[in-house]
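In: quick one, fold the following:
(one chain, ligands or ions: 1)
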Amino acid sequence: MRLVWGPAYELGILVIDQQHKRIVDYINDLDRLVGQPGAQLGVARVLYDLVDYTESHFSFEEALMERAGYDKLDDHHSQHRKFIFHIESLLRRHEEGVDVAESLLRVLEKWLFHHILEEDRAYTQQVRDFVDGIGRERLGGWVNENLRKHFRMM
Ligand SMILES: [Fe+2]
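Out: I've put the predicted structure just below:
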């Protein structure tokens, strides 16, 4: 296994940490696939999953930031758009027959170490203050409602 999810990757916001964990799963999936014959099907699955997952996760995360009154939401939103654009361009290259497994692996690791551990960490305090202040019951209601709204599969 290339990476093992652990406290070092956590922001301390449970619902977000659970979503971020999937990036580590994708990194490990790709690590197994790189250089393997017939890996293209597996790479395609990761790519299509990623497009769906990132759209859902980003809109959920942005809704949470907005609800918490995070002041750098616009900036953060454009980082998310850039990442989606990047994934979609890799998907197009994959569909043209290019082996993108290694490039995708590098993009995801950079995203984990740069975006999740630095740019996401910047909103953590404000979101945690909101989470601590709203009360367990209302928070649960907000989370459930927004998981349903932003994640098609849930
Ligand atoms: Fe983010």
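In: going forward, measure contacts and count neighbours with C-alpha atoms only.
Out: Noted.
In: which helix or which strand is home to Gly140?
Out: In the assignment (DSSP states H and E), Gly140 maps to helix 136-150.
In: mind listing what's buried in that helix?
Out: 146-147, 150 (16 or more other CA atoms under 10 Å).
In: which SS class is the residue lying farthest from the centre of the chain?
Out: The C-alpha centroid of the chain is most remote from Pro37, which lies 27.8 Å away (CA atoms, centre = their mean). Using DSSP: H, G, I helix; E, B strand; the rest coil, the structure places Pro37 in coil.
In: 21 is where my numbering starts, stick with that
Out: In the new count, where the first residue is 21, that last one comes out as Pro57.
In: let me know the pLDDT of it.
Out: Per-residue pLDDT puts Pro57 at 87.
In: give me the phi and psi for it.
Out: As for Pro57, its main-chain torsions (degrees, to the nearest 10) stand at phi -70, psi 140.
In: next: Glu116.
Out: The phi/psi pair for Glu116 (degrees, to the nearest 10) reads phi -80, psi 0.
In: that one: how many residues sit nearby?
Out: Using other CA atoms under 10 Å, Glu116 has 9 other residues around it.
In: dump the residue contacts of Ile136.
Out: 29, 40 (CA atoms under 8 Å, 6 or more residues apart in numbering).
In: what pLDDT does it get?
Out: Looking at Ile136, the pLDDT reads 96.
In: list the contacts of the nearest residue to Ala59 once chain neighbours are set aside.
Out: Setting aside the residues directly before and after it, Ala59 is nearest to Leu53 in space (CA to CA, 6 or more residues apart in numbering), at 5.5 Å. The contact partners of Leu53, by CA under 8 Å, 6+ apart, come to 59, 62-63, 121.
In: is it possible to mark the buried ones in those?
Out: 63, 121.
In: next, format the contacts of Leu53 as JSON lines and append secondary structure and distance to Glu82.
Out: Listed next are the contacts of Leu53 as JSON lines, based on DSSP: H, G, I helix; E, B strand; the rest coil; distance: CA to CA, whole Å:
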{"residue": "Ala59", "secondary structure": "coil", "distance to Glu82": "34"}
{"residue": "Gly62", "secondary structure": "helix", "distance to Glu82": "29"}
{"residue": "Val63", "secondary structure": "helix", "distance to Glu82": "28"}
{"residue": "Ala121", "secondary structure": "helix", "distance to Glu82": "28"}
